[in-house]
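> A predicted structure for the sequence below; I have some questions about it.
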Amino acid sequence: MRLSSALALLTLGTTSSLGNAFANPNASKSFFNNNKLNTAQQGKSSIAFLSASVTARGGDRDSTSLTATAEGMTMDEKVAEYISQDNWDLLSGRGQTSLANLINSDAVIGAQTHVYENWPEIGTDDEGKKQLADQLADLDASYPGGIQTYLSKARVLLKEAAEASNPFADFEASVPSGESLSYDSPVPDDHTGMTFSQAEQKGLSGIKDVAFVLVAGGLGERLGYSGIKLSLETNLQTNKCYLEIYVKYIQAMQHMAESKTKDTNIRIPLVIMTSGDTDPMTKKLLKDNNNFGMDEGQIQIVCQDKVAALKDSNAGLSMKDKWNIETKPHGHGDVHHLLLREGHIDKWEEEGRKHVIFLQDTNALVINSILPTLGVSIEKKFDMNSICIPRLAGEAAGAIARLEHKTDPEKSLVINVEYNQLDPLLKTQGDCKGDVPDPATGLSPYPGNANNIVIRLDAYAKTLRGEDQGVVVEFVNPKYKDETRTEFKKATRLECMMQDIPKLFQKELGSEVNIGFTMFDRWFTFSPAKNSLESGIEAVESGSIAPGTISSAESDKYIQNQRKLKHAGMDIDLTEEKDLVKIGGIPVTPGPRIIICPGFAITQEEVVKKIKGGSISRRSSLVIEGQGLTIKNLQLDGGLVIRAAPHCEVEVDGLIVKNEGCVLEEIPEGAEVDETVSIRGYTMVKKEVKEIIITEPGKYFIGEDGEVKKVD
């Protein structure tokens, strides 16, 4: 198989070639972190983009490439200058091939001599020699086009980064037009033509034909957590982790599709992309929890490979020691190529699936936006539809922008622009003020990208089978030691992002590609857990209202559910910004703390049907779960948990609960606590909670006194 990702190699040092990046796409992003164009500052980072011509493993290599046999290969003259015959014979056939290719391709540049010169005689470090050669072979096999392609692309990118070129010279950014859905509005949006509930129902009609992809290659180190982020507890009321929440939502969607179609054989697949760091722990989490109730084989895992780390602007390989190349994650953009390579695209087409839905690992709110976004995608026939939220000006979150090409409209496109790109770009056009608030709204006029995407499978499959095979544009972000901009403070590598797929869509589908976005209320859709408690406190102290900690994410989940119950007609105090109280240094809701489990309701229509009247005091805590559960006229002042198992029809009417409930307590300074507690800065003390758990199938009634009565 031959894989070419030739999106036109850029001509080094020319503005015009950089400007064509988003049509080709190949570009440098070197000026993004400098806050002004063409500035080279000591110690600053520079970013550059590229997608260059490559040949995939199994296909043709360049003229210096050599082919191994099962018995090994003959050493050529160039290799013999560095490697003795005895050392050569130690190596596996694949190791010989990759080492020879590296030496031959490095003949002119000489950037990798530290890898292959001065090997000791046989008998010294023999295992290390074999390990190094096999690692080269692994890196060669895992990267489309092999390690020579990777290093060649890296040299181009690093040169562009050092020159601090402007990739947007041929583009003008403008605010794109898109769809918008407000949870509380009963009036159809003028542009979308649907209300929120109508979009949800439209999405429900197509949910049986989707596949979910969860991008989960990261550890929780940035949050102060040593495990995988998917295992983080989303809240202290149920202690359910992120992965369980996502699985339960998918199961709830599956159940609704079964009810709607009367087909009990519907299974919605989930593919999780892991990394070498997270793969074993992700598999263990699934095994220990029996896949959280999903069928065997319903969850599949694809593991992304790491790429070689680079030590300097010549793309010299960074070595951990003499016989071990340093490697780093390549980024979540790998997901597209992996889905194609591992056969999932073919399988989904055979199953008749219509859409692929991409989720990130620690934003539990966004799962609520999936059905309406799918509904908009179906209605508007979008090939790609990004979930968006109102964005704070200067916020460290990407934005959706329309990049208008100054001379060729065919090269214009709607795409994510990272926050450290947007401000310097806007400072080169219009009023040159940069990423500033709109005076009318106080927000950025550019929609914030939640980085969760709905993609139409037929367009996606055609794009992935193009010459790039799903290899999205890459970038490099070196941190330089000094003003020479040649050596790095620490090793860098090429990276790629999932959200850059529109560049491949444009290349393969041209002007016919239909890319859009759907905007939702921020409270409904976006509150990722991505920062440590310490970083969140610093952000709050500097004036941020979005600290991005696990505690703020938990609080925002409670607030989201407050609003859902309020919309259904319940008397409840909504937490506004002025009501937040600092606990552990982070502003959080004082309550009520409400968890609506996916097994109770996932659509607005369901919540409105199952909740009638009632009131909840601010200090209260509530957990509700059960497909057959309805709640009328609840009077809650304290803690309450109601869970009804499948095939249990439970009517709650007039229940009155008053008890001590739950309280949050800050962790005393210096106290030794588990990291799952320390990352929040508080723990939840459940002083008194009324629990009603019904597991035996049947019909039940619960009245004012809380007694569970089975109805004949």
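Now that the structure is in, tell me what you want to look at.

> CA atoms for contacts and neighbours, from now on please.
Will do.

> which residues does the residue nearest the centre of the chain bridge with?
By Cα atoms, centre = their mean, the chain has its centre lying nearest to Gln360, at 3.3 Å. Note on Gln360: beta-bridge partners Val215, judged by DSSP bridges.

> any chance you could map the helices in the stretch 351-500 of the chain?
370-380, 419-426, 457-464 (DSSP state H, counting those that start in this stretch).

> got the buried residues for the second one?
I take that to be helix 419-426. Residues 419-426 are the ones in helix 419-426 that count as buried (16 or more other Cα atoms under 10 Å).

> would you list the residues you listed in TSV and tack on distance to Met253?
Shown next, in TSV, are those (distance: Cα to Cα, whole Å):
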residue	distance to Met253
Tyr419	34
Asn420	37
Gln421	37
Leu422	36
Asp423	39
Pro424	42
Leu425	41
Leu426	41
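
> looking at the residues you listed, which is nearest Ser617?
Tyr419 (39.8 Å; Cα to Cα).

> so which elements touch the host helix or strand of Asp138?
Element membership for Asp138 (DSSP states H and E) is helix 126-142. For helix 126-142, the contact count by 3 or more Cα pairs under 8 Å, 6 or more residues apart in numbering; DSSP states H and E identifies helix 85-90, helix 93-105, helix 146-163, strand 324-325 as packing neighbours.

> what lies in contact with that helix?
57, 87, 90-92, 94-99, 146-148, 305, 307-308, 322-325 (Cα atoms under 8 Å, 6 or more residues apart in numbering).

> give the PyMOL command for selecting the buried subset of those residues.
Applied in PyMOL, the following selects the buried portion of the contacts of helix 126-142 according to 16+ other Cα under 10 Å:
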select buried, resi 57+87+90+91+92+94+95+96+97+98+99+146+147+148+305+307+308+323+324+325
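
> where among the helices of the stretch 351-500 of the chain is the average confidence lowest?
When those are ranked by mean pLDDT, helix 419-426 comes last with a mean of 84.

> pLDDT wise, what is the residue nearest to the centre of the chain at?
pLDDT, Gln360: 91.

> so how far is Gly548 from it?
According to Cα to Cα, to the nearest Å, Gln360 and Gly548 sit 14 Å apart.

> in the longest strand seen in the chain, what's buried?
Identified as the longest strand of the chain according to DSSP state E is strand 682-694. For strand 682-694, a neighbour-count test (16+ other Cα under 10 Å) marks 682-683, 689-690, 694 as buried.

> distance between stretch 321-335 and the chain's centre?
Offset of stretch 321-335 from its chain centre (Cα atoms, centre = their mean, to the nearest Å): 19 Å.

> endpoint to endpoint, it covers what distance?
30 Å.

> and the pLDDT at Pro478?
88.

> and what of Cys303?
Reported pLDDT for Cys303: 94.

> surely it touches Pro280?
No - with contact defined as Cα atoms under 8 Å, Cys303 and Pro280 do not form a contacting pair (10.1 Å).

> neighbour count winner among these two?
Cys303 (19 against 12; other Cα atoms under 10 Å).

> from memory Ile207 sits against His255, does it?
No - if you go by Cα under 8 Å, Ile207 and His255 don't touch, sitting 10.3 Å apart.

> what's the spacing between the closest residue to Lys489 other than its chain neighbours and Ser313?
In this structure, Lys489 finds its nearest non-sequential neighbour in Lys481, 4.9 Å apart by Cα to Cα, 6 or more residues apart in numbering. The gap separating Lys481 from Ser313 is 11 Å, by Cα to Cα.

> next, show the common contact partners of those two.
Taking Cα under 8 Å, 6+ apart as the criterion, Lys481 and Ser313 both touch Glu487.

> which one's more surrounded, those two?
Ser313 (23 against 16).

> list the buried ones in the helix holding Asp138?
Under 16+ other Cα under 10 Å, the buried positions of helix 126-142 are 126, 129-142.

> got it, and stretch 175-193?
Residues 176, 178-183, 188, 192-193 are the ones in stretch 175-193 that count as buried (16+ other Cα under 10 Å).

> farthest-apart pair in these, please.
It's Pro176 and Tyr183 that sit farthest apart of the buried residues of stretch 175-193, by Cα to Cα, at 21.7 Å.

> where along the stretch 551-700 of the chain do the helices fall?
604-610, 675-678.

> host element of Pro144?
Per DSSP H and E, there is no helix or strand for Pro144.

> how close does it get to Glu467?
11 Å.

> picking that back up, make CSV from the helices of the stretch 351-500 of the chain and add distance to Met498 to it.
Below are the helices of the stretch 351-500 of the chain laid out as CSV (distance: least, Cα to Cα, whole Å):
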stretch, distance to Met498
helix 370-380, 18
helix 419-426, 16
helix 457-464, 13
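
> between the buried residues of helix 126-142, which sits nearest Gly110?
Leu136 (16.9 Å).

> could you measure from the closest one over to Thr373?
For Leu136, the distance to Thr373 - Cα to Cα - is 43 Å.

> wait, isn't Ile453 in contact with His355?
No - taking Cα under 8 Å as the definition, Ile453 is not a contact partner of His355, at 10.1 Å.

> look at these two and report which has more neighbours.
For Ile453 and His355, the more surrounded residue by other Cα under 10 Å is His355, and the numbers stand at 27 against 24.

> could you list the low-pLDDT ranges of the stretch 51-200 of the chain?
In the predicted model of the stretch 51-200 of the chain, residues 51-73, 165-166 satisfy pLDDT under 70.

> which helix is the longest one in this protein?
Longest helix of the chain, by residue count under DSSP state H: helix 242-261.

> could I have that one exported to PDB, CA atoms only?
The C-alpha trace of helix 242-261 is given here as PDB (Å, rounded to 0.1, in the frame of the first residue of the first chain):
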ATOM      1  CA  TYR A 242     -15.600  10.000  33.200                       C
ATOM      2  CA  LEU A 243     -15.500   6.800  31.200                       C
ATOM      3  CA  GLU A 244     -18.500   5.400  33.000                       C
ATOM      4  CA  ILE A 245     -20.500   8.600  32.400                       C
ATOM      5  CA  TYR A 246     -19.700   8.400  28.700                       C
ATOM      6  CA  VAL A 247     -20.600   4.700  28.500                       C
ATOM      7  CA  LYS A 248     -23.900   5.200  30.400                       C
ATOM      8  CA  TYR A 249     -24.900   8.100  28.100                       C
ATOM      9  CA  ILE A 250     -24.200   5.900  25.000                       C
ATOM     10  CA  GLN A 251     -26.200   3.100  26.600                       C
ATOM     11  CA  ALA A 252     -29.100   5.500  27.300                       C
ATOM     12  CA  MET A 253     -29.100   6.700  23.700                       C
ATOM     13  CA  GLN A 254     -29.000   3.100  22.600                       C
ATOM     14  CA  HIS A 255     -32.000   2.300  24.800                       C
ATOM     15  CA  MET A 256     -34.000   5.200  23.300                       C
ATOM     16  CA  ALA A 257     -33.100   4.100  19.800                       C
ATOM     17  CA  GLU A 258     -34.300   0.600  20.700                       C
ATOM     18  CA  SER A 259     -37.600   2.000  22.100                       C
ATOM     19  CA  LYS A 260     -38.100   4.200  19.100                       C
ATOM     20  CA  THR A 261     -37.400   1.400  16.400                       C
END
